[in-house]
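Undergrad: Have a look at this fold, sequence not included:
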């Protein structure tokens, strides 16, 4: 099971079994972003869930804060070759979002839209299994550079799929490559397979 509750976290396995090929472990959490950091005012912030859903929803921060919150622990792997282990994320599980909006049977993918124009794409099955919309990291609110007030976290994929500053999740029938995927990054982004770039670029 990918996620473990912090109060049930068992002794960590050997680090060598947890670090994908080509990665090194760091105790830091570097900041990597494309473009400037958005200046987001929380009283004006909203997030939308739209597309192929039975119920389209738009929430302000108060509404999002009233959803069921949980904590999960997972490793985090960046395409630039660093891995940070045992990160605690606090927020709303994506499966709880799905319960709220009820994706239609045609929905097979999502596109995450972000303040600043960034997008990334994922199969619905992947994000349903492990995704969390996180507001806190290791007990503290996310810093602005790390996606405050909300970022998507998908631990089984390279970190560019864990989009910062999320403002909308669109459910789609067809895959729609996002910002980095259109610029040569691998569409699947599995760190255990070193899926860093499109095969034609490697």
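TA: Received, thanks. This structure is a prediction, so every number in the text was calculated from the model and none was measured.
Undergrad: For the closest residue to residue 142 other than its chain neighbours, give me the pLDDT.
TA: Spatial nearest neighbour of residue 142, excluding adjacent residues (CB to CB, 6 or more residues apart in numbering): residue 148 at 4.3 Å. In short, each C-beta sits where N, CA and C put it, glycine included. Residue 148 carries a pLDDT value of 96.
Undergrad: and residue 148, how many residues sit next to it?
TA: 20 (other CB atoms under 10 Å).
Undergrad: Work out the sheet partners of the helix or strand containing residue 168 and label each with its direction, please.
TA: In the assignment (DSSP states H and E), residue 168 maps to strand 166-172. Paired neighbours of strand 166-172 in the sheet (DSSP bridges): strand 46-51 (parallel), strand 109-114 (antiparallel).
Undergrad: Any chance you could list what contacts the last one?
TA: Strand 109-114 is touched from outside by 51, 119-124, 127, 152, 163-176, 178, with contacts defined as CB atoms under 8 Å, 6 or more residues apart in numbering.
Undergrad: need the longest strand for this structure.
TA: Across the chain, the strand with the greatest residue count (assigned by DSSP state E) is strand 82-93.
Undergrad: Would you mark the buried spots in that strand?
TA: 82-85, 87-93 (16 or more other CB atoms under 10 Å).
Undergrad: Repeat that for stretch 99-108.
TA: Buried, per 16+ other CB under 10 Å, within stretch 99-108: 101, 103, 107.
Undergrad: What about those residues, which are in helices?
TA: Among those, the residues falling in helices (DSSP state H) are residue 101.
Undergrad: Let me have the buried residues of stretch 99-108 in a markdown table, adding pLDDT and distance to residue 156 as columns.
TA: A markdown table is the format used below for the buried residues of stretch 99-108 (pLDDT from 0 to 100; distance: CB to CB, whole Å):
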| residue | pLDDT | distance to residue 156 |
| --- | --- | --- |
| 101 | 98 | 23 |
| 103 | 98 | 20 |
| 107 | 98 | 20 |
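Undergrad: What is the nearest of the buried residues of stretch 99-108 to residue 144?
TA: Minimum distance to residue 144 across these is 27.7 Å, recorded for residue 101 (CB to CB).
Undergrad: Spit out the contact partners of residue 165.
TA: Contacts for residue 165 (CB under 8 Å, 6+ apart) come out as 38, 40, 114-116, 118, 147-148, 150-151.
Undergrad: got it, and residue 76?
TA: Residue 76 neighbours (CB under 8 Å, 6+ apart): 29, 83-85, 87, 153, 155, 159, 162.
Undergrad: What's the mean pLDDT across stretch 20-35?
TA: Mean predicted lDDT for stretch 20-35 stands at 87.
Undergrad: Centre of the chain to that stretch, how far?
TA: With CA atoms, centre = their mean, to the nearest Å as the basis, stretch 20-35 stands 15 Å off its chain's centre.
Undergrad: go on, stretch 100-119?
TA: For stretch 100-119, the distance to the chain centre is 12 Å (CA atoms, centre = their mean).
Undergrad: tell me how far the ends of that stretch are from each other?
TA: 23 Å (CA to CA, to the nearest Å).
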